[in-house]
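Q: structure of the sequence below:
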Amino acid sequence: MPTFAPTGETTELSDREFQQFRAFIHEAAGISLSPNKKALVSGRLEKRLRERRLASYADYLDVLRSGYDSAETQLAIDLLTTNETYFFREPQHFELLREMALAARREGRPLRVWSAACSSGEEPYSIAMVLADCQGDLGWEVLASDISTRMLARARTGHYPEARTEGIPTAYRQRYCLRGTGPQEGTLLVQRALRERVRFMQINLDRPLPGIGSFDLVFLRNVMIYFAAETKRSVVARLVQTMKPGGQLFIGHSESLHDLSPDLRALAPSVYCRP
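A: Predicted coordinates for the structure are as follows:
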């Protein structure tokens, strides 16, 4: 039974409680929090304890494990999920995407692309800009997914502080974005026509995937570094099943699929192909 803190004060996160939260997020999302993330867990969850007037992190964990408050469980997952991204991150990948998109256009073939951990949306909108430029109205598609409902809600707005949009090429910024004025000065909004071409969906990669079809390209970048080896293997196996023959998987430059999937072959650093 949770104990309540009338004054809003809570105890510090103990080592035992920290280990329990590490187990919770691994079970819920396949994420392996490193042992040095205790301050992150404490800082991100402290406000939830105060708002729910809980006296300890153990009491909050009881709420999450009770299964009676799925919204709170989702919020805890959102808070414990790292969400770092920016427009046109690792630009070599977007050069490759551009080459593929132009080649497919010459064949009259629209591309389907999945941004499988889209965070606040910068990656799928970057993909959409390239496809809009290279494939026009050919019927290309972008699916963007994340485990965090909070990040998905932010991504759907397509609205960003201007400082976070510096990676967008000037021509794309002028063509696909609107600069804020008045109360919105200092911000940038992705144009509605482009926003409407990106479909957002909550997907937990550590669970069986919903029916999302097959893709020419899958982006899963700078995410697997948070997964244990067995989780990486199962996630990659699920992704492979969504890739068309000849489809490509882009991962982060600091990541590797070494010994994780016999069904993919390396094409370039951090780029793999399904034969």
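
Q: mind giving me the packing neighbours of the lowest-mean-pLDDT helix or strand in the chain?
A: In the chain, no helix or strand scores lower on mean pLDDT, DSSP states H and E than helix 70-80, which sits at a mean of 84. Counting contacts by 3 or more CB pairs under 8 Å, 6 or more residues apart in numbering; DSSP states H and E, helix 70-80 packs against helix 15-29, helix 38-51, helix 57-66, helix 149-157. Yep, even glycine has a C-beta here, placed from its N, CA and C like the rest.

Q: what angle separates the last one from helix 70-80?
A: Calculated by axes from the mean of the first three to the mean of the last three CA atoms, to 10 degrees, helix 149-157 forms an angle of 80 degrees with helix 70-80.

Q: centre of the chain to helix 149-157, how far?
A: Relative to its chain's centre, helix 149-157 lies at 10 Å (CA atoms, centre = their mean, to the nearest Å).

Q: nearest to I225, out of the helices and strands packed on helix 70-80?
A: For I225, the closest of the helices and strands packed on helix 70-80 is helix 15-29, at 13.9 Å, according to CB to CB.

Q: next, count neighbours for I212.
A: 15 (other CB atoms under 10 Å).

Q: how about the secondary structure of it?
A: The three-state assignment at I212 reads coil, by DSSP: H, G, I helix; E, B strand; the rest coil.

Q: likewise for the one 10 residues further on?
A: Look at N222: counting by three-state DSSP, its state is coil.

Q: tell me who's in contact with the spatially closest residue to S115 that is not a sequence neighbour.
A: Distance criterion CB to CB, 6 or more residues apart in numbering; nearest residue to S115, sequence neighbours excluded, is P124 at 4.1 Å. By CB atoms under 8 Å, 6 or more residues apart in numbering, the contact set of P124 is S115, C118, V142, L143, A144, A155, V198, F200.

Q: please identify the helix or strand for P124.
A: In this assignment (DSSP states H and E), P124 forms part of helix 122-135.

Q: try Q248
A: Here Q248 sits within strand 243-250, counting by DSSP H and E.

Q: give the buried residues for that strand.
A: Within strand 243-250, the residues that count as buried by 16 or more other CB atoms under 10 Å are M243, G247, Q248, L249, F250.

Q: again with stretch 119-138
A: 119-135.

Q: looking at the contacts of P124, which are in strands?
A: Taking DSSP state E, the ones among the contacts of P124 that sit in strands are S115, V142, L143, A144, V198, F200.

Q: ok, now how distant is the second one from S115?
A: Spelled out, it's V142. V142 sits at a distance of 7 Å from S115 (criterion: CB to CB, to the nearest Å).

Q: intersection of neighbour lists for these two?
A: Shared contacts of V142 and S115, counting by CB under 8 Å, 6+ apart, come down to P124, I127.

Q: pLDDT weak spots in the protein?
A: Low-confidence segments of the chain, defined by pLDDT under 70: 1-10, 82-83.

Q: with adjacent residues omitted, what lies nearest to the residue at minimal distance from the centre of it?
A: For the chain, the residue nearest the mean C-alpha position is A117 (2.4 Å; CA atoms, centre = their mean). The shortest distance from A117 to any non-neighbouring residue, by CB to CB, 6+ apart, is to V223 (4.4 Å).

Q: same question for R150.
A: Nearest to R150 is D78, by CB to CB, 6+ apart, at 4.2 Å.

Q: contacting residues around that neighbour?
A: Contacts of D78 by CB under 8 Å, 6+ apart are S148, T149, R150, M151.

Q: whichever of the residues you listed end up buried, select them in PyMOL.
A: To isolate the buried members of the contacts of D78 in PyMOL, using 16+ other CB under 10 Å:
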select buried, resi 148+150+151
